[in-house]
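In: Provide a 3D model corresponding to the input given below.
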Amino acid sequence: MQLQGIILGIITILIWGVTFVNTKVLLNDFNSFEILFLRFAVAYAALWAIRPRRFSVGGWRQELHFAAMGLSGVASYQFLENCAINYTNASNVAILVSACPMGTAILSSLILKEKTLTRRFFLGFLLSMSGVTLVCLGGIREFHFSPSGDCLALCAMGCWCVYSVLITKVNVKGFGPILAIRRTFFWALVFMLPFLPFHFDFDSSVNVARFAKGWNLFHLGFLGLLASALAFVLWNRTCALLGTVRATCGIYFIPAVTAVVAYFVLGESLTAMTGIGALLTILGVVICG
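Out: Below is the predicted model:
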């Protein structure tokens with residue numbers, strides 16, 4: 001069971017590490033909100049196709065629980081992360097968001113009474129965050145703080161920590177991962193709907209042009225089918241098998257995966273600092289685990 005959880009976690013992290021490249025390509029023809037909405041609309045439809053039956057939630061309290069998951073882990077997290085990038089550089093955002101294992105451990109300790117804040121965990125956190133910082137900065141020699149953008153990134157990190165605690169409770173209650181994630185995506189889309197008329201381009205000529213491009217369809221399909229429908233279900237299962245805090249430590253690897261993929265796909269550079277950072281990240285995760 002532990003091995004299965006590790007394998008599913010690795011698959012999920014590899015998929016999520018690619019999403020930054022997919023999004024960067026799509027931003028040539030779509031805005032960030034359009035990508036976000038289309039991504040989860042495709043994922044929601046895919047999960048219905050996979051499991052075409054209604055999901056009996058079992059009361060308004062549990063419905064609120066899934067609504068909170070959709071708001072925190074999907075709508076708010078993605079929205080705040082995108083907003084943060086508009087006010088600060090991507091390196092700041094990646095570093096701050098990568099701190100979510102610590103936030104998740106703190107919330108799990110306070111809310112779920114889990115004993116996760118050990119000396120070993122703190123040591124692994126320091127090593128991994130040092131590695132993440134080196135990977136994200138790469139060849140950048142100066143680290144610039146932007147209060148507004150950095151605060152938004154921290155808020156995004158906090159939203160994912162809340163989602164992590166909520167998904168722990170879902171796993172304890174024994175909900176099937178496909179139906180649980182589908183319900184989460186339903187509420188995420190509901191929260192996005194009020195913004196649709198203001199941020200989605202409904203011009204038919206514009207949509208024909210951008211949806212006619214094969215690469216756009218490929219990247220939207222990847223984000224919707226793999227990075228959302230598949231990856232969120234796998235992450236749910238990973239958290240159930242390894243424990244949410246332990247599974248969340250895998251998020252440290254996402255910047256390193258993104259750097260490698262960007263090197264091969266976008267032609268971005270890899271530096272010695274990136275390699276050292278990746279090794280520190282691996283060492284930190286091993287210590288945490």
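
In: where in the stretch 151-289 of the chain is pLDDT low?
Out: 266, 268, 289 (pLDDT under 70).

In: Which positions within stretch 211-218 qualify as buried?
Out: By neighbour count on 16 or more other Cβ atoms under 10 Å, the buried set for stretch 211-218 is residue 216. For the C-beta atoms, the positions are set from N, CA and C on the backbone; glycine is no exception.

In: swap in stretch 221-230?
Out: 222, 223, 224, 225, 226, 227, 228, 229, 230.

In: Only the C-alpha atoms, please, for it, written as CSV.
Out: Only the C-alpha atoms of stretch 221-230 are listed here, as CSV (Å, rounded to 0.1, in the frame of the first residue of the first chain):
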residue,chain,number,x,y,z
GLY,A,221,-6.9,18.2,-23.1
PHE,A,222,-3.7,17.6,-21.1
LEU,A,223,-4.8,20.1,-18.4
GLY,A,224,-8.4,18.8,-18.3
LEU,A,225,-8.0,15.0,-18.7
LEU,A,226,-4.6,14.4,-17.1
ALA,A,227,-3.7,17.3,-14.8
SER,A,228,-7.2,17.7,-13.4
ALA,A,229,-9.5,14.6,-13.8
LEU,A,230,-6.7,12.0,-13.4
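
In: returning to what we had before: reformat the buried residues of stretch 221-230 as TSV; add distance to residue 135 and secondary structure.
Out: Below are these laid out as TSV (distance: Cβ to Cβ, whole Å; DSSP: H, G, I helix; E, B strand; the rest coil):
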residue	distance to residue 135	secondary structure
222	22	helix
223	22	helix
224	27	helix
225	27	helix
226	23	helix
227	20	helix
228	24	helix
229	28	helix
230	25	helix
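
In: List just the nearest of the residues you listed to residue 68.
Out: Within those, the smallest distance to residue 68 is 18.3 Å, found for residue 228 (Cβ to Cβ).

In: Tally up the residues packed near the spatially closest residue to the closest one that is not a sequence neighbour, please.
Out: Distances taken as Cβ to Cβ, 6 or more residues apart in numbering place residue 43 nearest to residue 228, at 3.5 Å, with adjacent residues excluded. Neighbour count for residue 43, taken as other Cβ atoms under 10 Å: 27.
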